Each structure stands twice: as structure tokens, then as C-alpha cells.
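K.L.:
this is a predicted model, with the sequence first.
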Amino acid sequence: MSVLRRALTLLVVAATGLAVVAATDGPSASVPLAEAADTSQFRAGNIISDQLFYDGNAMSPADVQFFLESRNPRCVAAADGTPCLQDAWQDTYTRPADSRCPGTYVGAPAESAATIIAKVGAACGISQRVLLVILQKEQGLVTLSGNSLNPTRYEKAMGFGCPDTAPCNPAYAHLFNQIYSAARQYRDYLVKPRTIRAGIVNQVRFHPNTACGSSPVFVENAATAGLYTYTPYQPNAAALAAGKGTGDGCSAYGNRNFWIYYTDWFGSTQVPGAAEVTGRYAVAGGATGPLGTPLGNVACGLRNGGCFQAYANGSIYWSPASGARITHGTVRDRWAATGWETGPLGYPVSDTHCGLSRGGCLQHFQGGSIYWTQTTGARIVYGGVRDRWAAAGWEYSGLGYPVTDVQPLGGGG
């Protein structure tokens, strides 16, 4: 609790199972968000990188508490005692680990909302930043203050069990239940994808009213697929043009607002490199293209800040210096044998390219090239030898394809 707060009164709100320490030193007003997100940059197929969405260690309880207080520093409870999120607490109960939430949530009495958010994120492998953004986009709980707050907002805090066409399911009411259930559901979408899937073109509607139509969206990653499964609408042009405002009768705002709040509060929704990998995959045709289905999510943190993703029929590697490049087949196998990007060849700087003379394939790397034919196998050429071969006309010259790797001479003579 901020040291600037004073005249604190403990209130218990039986209707929600929450308690609040309410300050009486400021007006009942929320802090307006800075208008930072440029909705022209919204990517319907990649709302947020998997690395950011599934980071269960993004924020500690202290980090979450500081964030809540900094977003709403003069928050006061409603007249009926409904608390501000930063002041709320609730008794929680233990939720054992399972296939959807791989960590155990150990319950405790009187846990703060910040602690609940942090512990749920860690247990289920969902970013605490994501949970905060969903709490805001669903019920405005991060920034609301005073009589704008009411028990109903906590009963459906994450919108879980609240379909568009029916009342909310009371079995999932109240803050802890809502946060845990929603996080667990997002994790379940990762483990068992639904109709909206990553790596393919999906028809995504603009609005609950089917007359508003839909458009094809190549969904690039699991996090974006999960967001559309949870909130199955994309913003239309009017919603995006309106920024944080109101579009037209066919505008839906959930996923637009998720992107806006995350960008305003935490910066870009994209991990450098991850979006380039998934974007390159989309251009290549996704799961219906030559690479086939993904074998896992994009992994980053490689040498020199690189990222990669493996697929049924190849891989895409990216680094800031080389861009996103496709590698596959015997050429990729030969590169793998050298140590991938940590070996002497470094990252690929071109895609694997076949259809050369005599059915050959090639790929250029930062430290050399690999050429392959059925007859010669995959051979590595680099340095002055490669330069001299290039000057002669590569494989179309009288030299043809290399039949050995470039070999240093022992002793230099």
C-alpha cells in the first residue's frame, strides 16, 4: 500500500468474498490512459507473441501491486464497499497441478488480488501482464474507482463462463475463480486447439451478429488462436479507425482493446524475431504450404538474438542480421551437423533453393554455402575457394558442383 494513503478503513464485502482497505484522501476518479497505441499497427493474425503471452514469470506479486497502484493511484472504494482491485483480497483454496495448469496453486487466507494474479500466472504459465489486460478489457477493474465499481464486476472479472447469448455461469463467479478459470482455459487452448487454429487461414467474424460477416485471417501463433477462441471476433475497419473509441454497429472491441491496453501499458505485443518467423511462415503458406504443421512454438534467445521454429518439413531461422530464412532437406541436415547457428556457418542468409542444374539445391549462410546434388551429396564451400568458384560461374562452370567440403591444408603448405 502506498505510504501516501491515510485514514484507512477496513471494509468487508460479503457479496464478493473480497475485502478492501479504502483510502479517503482523494476523489472518486480513475486515471485516464495515455493514447499511445497506433491501431493501424494491429495485426489480426498476430495479436501477441507466444513468448509474451505464455510467460508465467513476467511479474511478481510486488510487481503486480506496484503496477495496480501506479495505474490508479487515487482509487477509492465504492459507497457499498466494493474495493479497488489494488486493495482487494480474498481467501483462496489449493488447485492441484494438471495437464492445463502445470503448477500447483497453494491456497491461503486473505490473499491480495496482486498475489492471486501473480500466483495464477505462475501456476498456469500465463503472463501476469496478460491477466491484467484481460481484467481491464472485460470489466475495467484495473482503472475503475468509486461508484463505477460494483460486486458484479468481480463476479465476472475475466468474462469466463459469460457467453454472448446467455447469463454468466455462477459456478465461476468471484475474483479468484474467474482469474484461475480463465488462465486455465487459455492454457487448454494451447494444449487442445479448437476451431480457430494457428498456422492456417481461419474465418473470423467481426461481431456476434452474423450479418456483420467475417474475413479470412491467417492466425500465426497459438496465443492469437487462443484470444480468438476466447473472444471470437476481430475488430473491423471502423473499430480500428476509432482507436479507443466507438466504431459502428458491426464493431467488436475485445481483441482490439486487449492489443491497445497491452501496448499502452507494457509496450509492443511482439518479441523481435518471433513475429518475423510466424510472418514468414504465413507467406510460405502455413500448414498447407511446403513446411507443413509446426512442431512447437517459436523459440527465441538463440545466438545473437535469434529465433526459430521447427515444422514437419523444415525450419525457419531468424536473426537481426540475416532475416527470416527457410531451411529444409539434406541441406538443413548438413547445416545441423555443423552445429546449426552456433557453428562456423552461422545463420542462413537465403532460403534453401532447389531446381538448380542437375537437380541441385543450395543455401547461403553467414559463413559460407552448402550445395547439394544426388550425386555429390551436401558440401560446404566458403572463403577464397568459394569466391574463386563463384567467379568461374558456380555450378554452371566447367568445375561443376563441389564433391568435397573446403579443407584447410595442414601446415599451410
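P.N.:
Yes, it's here.
K.L.:
now for the helix or strand containing L68, which elements pack on it?
P.N.:
Using DSSP states H and E, L68 maps to helix 61-71. For helix 61-71, the elements it packs on are helix 113-124, helix 128-139, judged by 3 or more CB pairs under 8 Å, 6 or more residues apart in numbering; DSSP states H and E. C-betas here are computed from N, CA, C, even on glycine.
K.L.:
how does it look with 10 Å?
P.N.:
Contacts defined by 3 or more CB pairs under 10 Å, 6 or more residues apart in numbering; DSSP states H and E place helix 61-71 against strand 111-112, helix 113-124, helix 128-139, helix 254-266.
K.L.:
next, format these as TSV and append mean neighbour count, distance to V298 and mean pLDDT.
P.N.:
Below are the helices and strands packed on helix 61-71 laid out as TSV (neighbours: other CB atoms under 10 Å; distance: least, CB to CB, whole Å; pLDDT from 0 to 100):
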stretch	mean neighbour count	distance to V298	mean pLDDT
strand 111-112	20	34	98
helix 113-124	25	20	98
helix 128-139	25	17	97
helix 254-266	22	18	96
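K.L.:
distance to A211 added to those, as CSV?
P.N.:
Output for those, formatted as CSV (distance: least, CB to CB, whole Å):
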stretch, distance to A211
strand 111-112, 45
helix 113-124, 37
helix 128-139, 25
helix 254-266, 19
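K.L.:
which residues of the stretch 251-400 of the chain fall in strands?
P.N.:
Secondary structure of the stretch 251-400 of the chain (DSSP state E, counting those that start in this stretch): strands at 299-300, 307-311, 314-319, 323-327, 353-354, 361-365, 368-373, 377-381.
K.L.:
out of those, flag the one nearest I116.
P.N.:
Relative to I116, the nearest member of these by CB to CB is strand 299-300, separated by 29.0 Å.
K.L.:
so what does the closest one touch, helix or strand wise?
P.N.:
By 3+ CB pairs under 10 Å, 6+ apart, strand 299-300 packs against helix 50-53, helix 274-283, strand 307-311.
K.L.:
what mean pLDDT does the first one have?
P.N.:
I take that to be helix 50-53. Averaged across helix 50-53, pLDDT comes to 95.
K.L.:
same for it, what does it pack against?
P.N.:
helix 128-139, helix 175-191, helix 222-230, helix 254-266, helix 274-283, strand 299-300.
K.L.:
distance of Q374 from D80?
P.N.:
Plainly put, Q374 is 78 Å away from D80 if you go by CB to CB, to the nearest Å.
K.L.:
report the beta-bridge partner residues of T327.
P.N.:
Beta-bridge partners recorded for T327 (DSSP bridges): S315.
K.L.:
list the contacts for it?
P.N.:
T327 is in contact with 308, 314-317, 333, 335-336, 340, 347-348, 350-352, 363, 365, 370, counting by CB atoms under 10 Å, 6 or more residues apart in numbering.
K.L.:
only whichever of these are buried, select them in ChimeraX.
P.N.:
Restricted to buried positions by 16 or more other CB atoms under 10 Å, the ChimeraX selection for the contacts of T327 reads:
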select :308,314,315,316,317,335,340,347,348,351,352,363,365,370
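K.L.:
excluding chain neighbours, what is closest to N257?
P.N.:
Excluding its sequence neighbours, the residue lying closest to N257 (CB to CB, 6 or more residues apart in numbering) is K137, at 4.3 Å.
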